[in-house]
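1. From the sequence below, what's the structure:
(chains A and B)
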Amino acid sequence: MLGRSANGIYWMARYLERAENTARLLDVGFRMALTRGAQAASEEWKSVLITIGQDVAYRQRFDDYAGPQVFNFILRGPDNPASVLGMLENARTNARAVRTALTREAWETTNEAWMVLREMLARPVREGNLGEVIAAIRRQTTQVRGAMEGTMLRNEIFNFSRIGTFIERADNTARILDVKYYVLLPSLSWVGSSLDNAQWETVLRSVAGDRAYRWLNAGRLDPRGIAQFLVLDGRFPRSLVFSYDKLASNMAGLARQYGSETHAHELLRSARTKLQDASIEKIIEGGLHEFITDFIAGTNQIDLAIAAEYRFIE
Amino acid sequence: MQPGSRAQYDEMYDPDGGVRPAYAGFCNWYDAQDRDWLKKQDIEAERFFRRTGITFNVYGDDAAEERLIPFDMIPRIITANEWRKLSRGIEQRVRALNAFLHDLYHRQEIVRAGRLPERLLQGNEAFLPQMAGFSPPGDVYTHVVGIDLVRTGPDEFMVLEDNARTPSGVSYMLENRETMMAMFPELFSRVAVRPVSDYPRRLARSLAACAPDCAGERPVVAVLTPGIFNSAYFEHAFLADQMGAELVEGSDLRVVDGRIAMRTTTGYQPIDVIYRRVDDDFLDPLSFNKDSVLGVAGIMDIYRAGRITIANAPGTGIADDKAIYSFMPEIVEFYTGEKPLLNNVPTWRCSEPESLKYVLDNLKDLVVKEVHGSGGYGMLIGPTSSKGEIARFEKKLRAKPENYIAQPTLALSTCPIFTKAGLAPRHVDLRPFCLVSPGGIDITPGGLTRVALKKGSLVVNSSQGGGTKDSWVLED
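-> Numbering: from 1, shown residues only, chains lettered A, B, ... in the order given. Okay, here's the model as predicted:
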């Protein structure tokens, strides 16, 4: 396939995944805003902005973290190119550019996602309909993934889309974990406090892992356990290990089809080995933030290597 | 059903209000349908097109970057017998067009014989000196041709325009049929309509048959598009998809080892046949417009070395020139030795003083077109223009008469469209699509029917608010 098409499908998948993850984070921010005082809510909204890397851009325009102002900026801010609406437009533009690489259903669900959400986001979102908008984003992006999963040949095209999805997901989960650990808690003395616990619960919700975690841990909320769950539990579809496992199998698919491995395969292999050898004790001992920073940088390197090895651009 | 206006030939009704034989099967079915259900289907069709993304872009129209071409669900129907006559005429014309193009870029016998004035070629931008003396693989110049036809009477089909350069619209021909079959499956079990769905397969086969000598057993075909902002991007993607060919942009291509190659995930792969949908001028910055990023630097050299086939060949657009069009009867006779089976619309060449005088005296009754124009831009439709518009146009005409031709406003046939209030007659034309390879000429039964949606309007161009219909050729 064309390098440009591989690039297009990869970014189409990344933008869709990012839109979905952003919606999940907003959901959590919203929930916190409803259940806690204005001050705490403001902190939560700020942490959402930090997690998705938009706090600086936001502060250039606004002085406070009023909820509707924050979520409208994130969802549809006309001067925010990284808004959810912008991401969906990017996903759809990429899909149009690689239409010939998509099944009809994959294209149509993407196009429909864009049409439905553009309509919903045409006017400012109020607190009253934020929940509905978030649910629609999750549903529409899930539908695209389902259409791709259900109709596409398991060839290079599919592999590039999955690689985009899991690179993005690994990066997102890592960022969420980092923000909780590094940014949110005022000081170490707060560890184990009710604020700390509430924040950990928030983290779990933002990756749709609260219920799964409770099943596995009989309701115990333990920072170490949660970190273990998000980083190392290969059963959880948004954990770092799970994302890298999928990345590895889709990269292996490419190697099989093309008959050879690339530098990106090497980078991924060593990053995976590091992850598999890790225990949560060792990670925390060495510093979770350092570990995450390292992980994000490593993921970024894999991303760059894939783009170069498969000739995404000239 | 109520008969429409009788002023022009009506495709569905005879002058006494009876249903013509071609429409008998359809009308039987139609009259039995529930009107409200049909209205619902009409709305459903639009949703279908929007969801599928069957859109086109309108230049200079920011608010509506992507628009739908309105689809009308009443088909335009042609009998087997009518089609036989039409396709013979088209085949003759297309054969003449290719012979003409070969001649223009070689000995120019037609000019030497005094049958075509040399001035039509001199300074004509569509005539490419780079093609002189060169013969494309298989000697095919126009691989895909769209001949625009209008009907003025029971046996009178006339050619309005030849599109030998880059005819578009074939994806609508295919999607219109798909839509009709999805909405009204039982209709197709009642009326035997010749299928069009194998067009992409035929196109792929026809293009592959034109591959250069260096191609392997299975020639690699690619569609070259200017990209997603082009008005016909949907069609480019659609055709590539249906043919199983790569859809490439200029930035994907470069010269590698004396071939044109595309950048794939595993390196550069040579292309044998490129079905290009970018204009000549943008094809090669080294030979033509040097600022173009849509084409491939050096492709003309590779082409002239016989190592790639470009479809349609550069320089083919000269045959679309409306001044050349006015000579088509002579051109057909000169190269085929036969009388043309399809007539031209009578045409005055404003470059000729007597014709110009006539045109100026009769502007309010004529359609005046730019010789190089397309898409319904830059034309005057006398009968529907205001005095001011005519006066302004007259100035342009006097200043550069050789830039224009004029034609009478014909009594174009009408075909009913579906409206909320029932059927209403609207003017239609027809663009059949024709494939050319050394193996022969292949015309898909049907084509794209364009319909003027405004009452009385003669303008069917999609860029001017026209719509389309499914076009049926009946089985014998």
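
2. State the mean pLDDT of the longest helix seen in chain B.
-> If you go by DSSP state H, chain B has its longest helix at helix B:80-104. Averaging pLDDT along helix B:80-104 gives 97.

3. what's the answer for stretch A:193-201, then?
-> Stretch A:193-201 comes out at a mean pLDDT of 77.

4. For that stretch, buried residues please.
-> Going by neighbour count (16 or more other C-beta atoms under 10 Å in any protein chain shown), the buried part of stretch A:193-201 is A:195-196, A:199-201. From N, CA and C alone the C-beta is placed, and that goes for glycine too.

5. Endpoints of stretch B:435-447, how far apart?
-> 12 Å (C-alpha to C-alpha, to the nearest Å).

6. I meant to write stretch A:142-158 there.
-> 16 Å.

7. Repeat that for stretch B:406-424.
-> Terminal residues of stretch B:406-424 are spaced 29 Å apart (C-alpha to C-alpha).

8. can you give me the offset of that stretch from its chain's centre?
-> 20 Å (C-alpha atoms, centre = their mean, to the nearest Å).

9. hey, where'd the helices end up in chain B?
-> Secondary structure of chain B (DSSP H): helices at B:24-31, B:35-52, B:80-104, B:109-112, B:170-183, B:185-190, B:199-208, B:233-243, B:299-304, B:322-325, B:328-336, B:353-361, B:387-399.

10. swap in the stretch 151-300 of chain A?
-> Applying DSSP state H, counting those that start in this stretch to the stretch 151-300 of chain A gives helices spanning A:156-178, A:194-206, A:210-217, A:223-232, A:240-258, A:263-277, A:280-286, A:288-309.

11. Comparing the ones you listed, which yields the minimum mean pLDDT?
-> Lowest mean pLDDT within those: helix A:194-206, at a mean of 81.

12. which residues make contact with that helix from outside it?
-> Identification of contacts with helix A:194-206 by C-beta atoms under 8 Å, 6 or more residues apart in numbering or on different chains yields A:24-25, A:27-28, A:31-32, A:36, A:44, A:176-177, A:180, A:184-185, A:190, A:210, A:213, A:221, A:223, A:226, A:229-230.

13. Not counting sequence-adjacent ones, nearest residue to residue B:244?
-> Using C-beta to C-beta, 6 or more residues apart in numbering or on different chains and skipping the chain neighbours, the partner closest in space to residue B:244 is residue B:204 (7.1 Å).

14. Contact residues of the stretch 51-200 of chain A facing chain B?
-> Counting by C-beta under 8 Å from any C-beta of the partner chain, the stretch 51-200 of chain A comes close to chain B at A:93, A:96-97, A:99-100, A:104, A:107-108, A:111-112, A:115, A:156.

15. hang on, isn't residue B:368 packed against residue B:393?
-> Yes - if you go by C-beta atoms under 8 Å, residue B:368 and residue B:393 touch, sitting 6.7 Å apart.

16. which stretch of helix or strand covers the closest residue to chain B within the stretch 101-250 of chain A?
-> Residue nearest to chain B within the stretch 101-250 of chain A: residue A:111 (4.9 Å; C-beta to the nearest C-beta). Using DSSP states H and E, residue A:111 maps to helix A:104-120.

17. in that helix, what counts as buried?
-> For helix A:104-120, a neighbour-count test (16+ other C-beta under 10 Å) marks A:105-117, A:120 as buried.

18. what's it in contact with?
-> For helix A:104-120, using C-beta under 8 Å, 6+ apart, the contacting residues are A:12, A:16, A:84-85, A:88-89, A:91-92, A:95, A:99, A:102, A:132-133, A:136-137, A:140-141, A:143-144, A:146-148, A:150-152, B:50-53.

19. pLDDT averaged over that helix - what is it?
-> Mean predicted lDDT for helix A:104-120 stands at 94.

20. I appreciate the help and will end here.
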